[in-house]
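Participant: what's the 3D shape of this:
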Amino acid sequence: MDVLLCVAQDAPTYPKSNPDLPPGVRPPAEGDNGKMEVVPVLLSCLDGISGLRIFLPNDMKQAEQRNTARKNIDEIKRRFGDGISILDPVENMKITDDSFKALLRVSYFSSELMFP
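Facilitator: Numbers count the residues shown, from 1 in each chain. Sure thing, here's the model as predicted:
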């Protein structure tokens, strides 16, 4: 999955078509604004997905367009100072299938046992 990340200024830039995870991508140091880059990550690296949506520019190749997305993200962080809620498939997506709910319960309790 391609993800827009704030990375250190000296992190290398990688083309979107690169299928491998790029080495050397790290968060900006304290006091460094960093730069916004589109970075390929494994789906397993995602911890959650928010129910909030922002509109992104059609083409993220230009630094100016990525910075526009950054301003939108910063505004959301400002408005939701207490934290951004994670998408709940049952509540937010109105999924009512009982087998899906059972699967979620098993997944939730398994993760609680692994990561108390």
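
Participant: Check for me that Lys101 belongs to a strand.
Facilitator: No. Counting by DSSP: H, G, I helix; E, B strand; the rest coil, Lys101 is not part of a strand but helix.

Participant: my read: it touches Val90, true?
Facilitator: Yes. Using CB atoms under 8 Å, Lys101 is in contact with Val90, at 6.4 Å. Heads up, the C-betas are built off the backbone N, CA and C, glycines and all.

Participant: How about Gly48: what's its closest non-neighbour residue?
Facilitator: Ile86 (4.0 Å; CB to CB, 6 or more residues apart in numbering).

Participant: Quickly note the distance from the one you found to Arg79.
Facilitator: Applying CB to CB, to the nearest Å, the value for Ile86 to Arg79 is 17 Å.

Participant: count of residues packed around Phe100?
Facilitator: When neighbours are defined as other CB atoms under 10 Å, Phe100 has 12 of them.

Participant: Surely it is in contact with Val106, unless I've mixed up the numbering?
Facilitator: No. Using CB under 8 Å as the test, Phe100 is too far from Val106 to be in contact (10.9 Å).

Participant: how far away is the residue of the chain positioned farthest from its centre from Val90?
Facilitator: The centre of the chain is farthest from one residue, Asp98, which by CA atoms, centre = their mean lies 28.4 Å away. Distance, Asp98 to Val90, by CB to CB: 11 Å.

Participant: Check Gly34 too.
Facilitator: Counting by CB to CB, the gap from Gly34 to Val90 is 36 Å.

Participant: who's more crowded, those two?
Facilitator: Legend: neighbour count by other CB under 10 Å for Gly34 and Val90, higher for Gly34 (17 against 12).
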